[in-house]
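Asks: Structural data only, the sequence is not supplied:
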Ligand SMILES: NC(=O)c1ccc[n+]([C@@H]2O[C@H](COP(=O)([O-])OP(=O)(O)OC[C@H]3O[C@@H](n4cnc5c(N)ncnc54)[C@H](OP(=O)(O)O)[C@@H]3O)[C@@H](O)[C@H]2O)c1
């Protein structure tokens, strides 16, 4: 990974932070994107101190706001000369329906809209790097979820866990549709999705009440640590075995068949079109 540049969203904690540390240890230049300046600068400082000479840069944005995704992508395009891997990783679970100040339901905005918008904005930079990759952190939680295009943002009803499951289904639908579009346009950038495992990160800690507590207990009892939880992200960002591999879903560093709903080509296309409409002021 010497000479390669990887951008990681949600790099201030959890799986994103641990993946960044591993990438820095193998000589990767890093672009860390997260919303909390102090926390992200501290991660960058720790990485630099453990890896003298490491090139680690910080960009701050609340990725649940398309205006912020747009602003940060402009800043990145202006100051970063090349990008080899984009790891879309920032994500969260919102037990209670939360609307962002830009009028989007928070799960949909952070977990899906930010992946779509950041990827579309940074694609011209990725295209300049031979063998460039896009890696989308999804989840096995997508299994069993159905997408309801009339309730994408909880307009009719909202359940926090269902919204999270659907957002992770959206990550995979987006991955497959993007892979098809890139291939049919002859753009040699690959895109794959992954499940990191059930990881004892800070995931879910933004929620109080029963669901937040239950998730905290389940993580302590059953989850793997962040070191193991970052293996598949690191593998998808770095492995030579994946040169040219695109439009796939991985779990434990192995190919896995995602749910039938995620492989529904019509859903992939509809989600792309609806997302483009929602994000049209920013695209
Ligand atoms: N943990 C699991 O068991 C698990 C399982 C399957 C999939 N995943 C997926 O893995 C990804 C990473 O999750 P994690 O477990 O590492 O969670 P985490 O420990 O909570 O870390 C999430 C990261 O995303 C950042 N983030 C949250 N909201 C943001 C916003 N509005 N704008 C910018 N950055 C924001 C967080 O920043 P702050 O530090 O400011 O909060 C943090 O850096 C997510 O996509 C999640 O869906 C996790």
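Replies: All right, it came through fine. Only a predicted model underlies this, so the values are computations on that prediction, with no experimental measurement involved.

Asks: residues contacting residue 145?
Replies: Residue 145 is in contact with 162, 165, 166, 168, 169, 259, 261, counting by CB atoms under 8 Å, 6 or more residues apart in numbering. Every residue, glycine included, has its C-beta placed from N, CA and C.

Asks: What ranges does the stretch 101-250 of the chain have for its strands?
Replies: Under the criterion DSSP state E, counting those that start in this stretch, strands of the stretch 101-250 of the chain are mapped to 133-137, 190-195, 249-251.

Asks: how about these in TSV, adding mean pLDDT, mean neighbour count and distance to the ligand?
Replies: Below are the strands of the stretch 101-250 of the chain laid out as TSV (pLDDT from 0 to 100; neighbours: other CB atoms under 10 Å; distance: least, CB to the nearest ligand atom, whole Å):
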stretch	mean pLDDT	mean neighbour count	distance to the ligand
strand 133-137	98	26	4
strand 190-195	98	26	6
strand 249-251	98	21	10
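
Asks: could I get these as CSV with distance to residue 176?
Replies: What follows is the strands of the stretch 101-250 of the chain, written out as CSV (distance: least, CB to CB, whole Å):
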stretch, distance to residue 176
strand 133-137, 10
strand 190-195, 8
strand 249-251, 9
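
Asks: for residue 6, helix, strand, or coil?
Replies: Following DSSP: H, G, I helix; E, B strand; the rest coil, residue 6 is assigned to strand.

Asks: residues near it, how many?
Replies: By other CB atoms under 10 Å, 25 other residues sit near residue 6.

Asks: For it, which non-adjacent residue is closest in space?
Replies: Closest residue to residue 6 apart from its sequence neighbours, by CB to CB, 6 or more residues apart in numbering: residue 85 at 4.3 Å.

Asks: what about the one you found, distance to residue 26?
Replies: Residue 85 sits 12 Å away from residue 26, going by CB to CB, to the nearest Å.

Asks: Give me the more crowded residue out of those two.
Replies: For residue 85 versus residue 26, neighbours defined as other CB under 10 Å are more numerous around residue 85 (25 against 13).

Asks: sorry, back to before: ok, now which ones touch the residue nearest to residue 6?
Replies: Here residue 85 is in contact with 4, 5, 6, 7, 132, 133, 134, 135, 237 (CB under 8 Å, 6+ apart).

Asks: Do you know the pLDDT at it?
Replies: Predicted confidence (pLDDT) for residue 85: 98.

Asks: Quick check: phi and psi at it.
Replies: phi -140, psi 130 (degrees, to the nearest 10).

Asks: same check, this time on residue 143
Replies: Residue torsions, per degrees, to the nearest 10, at residue 143 are phi -70, psi 130.
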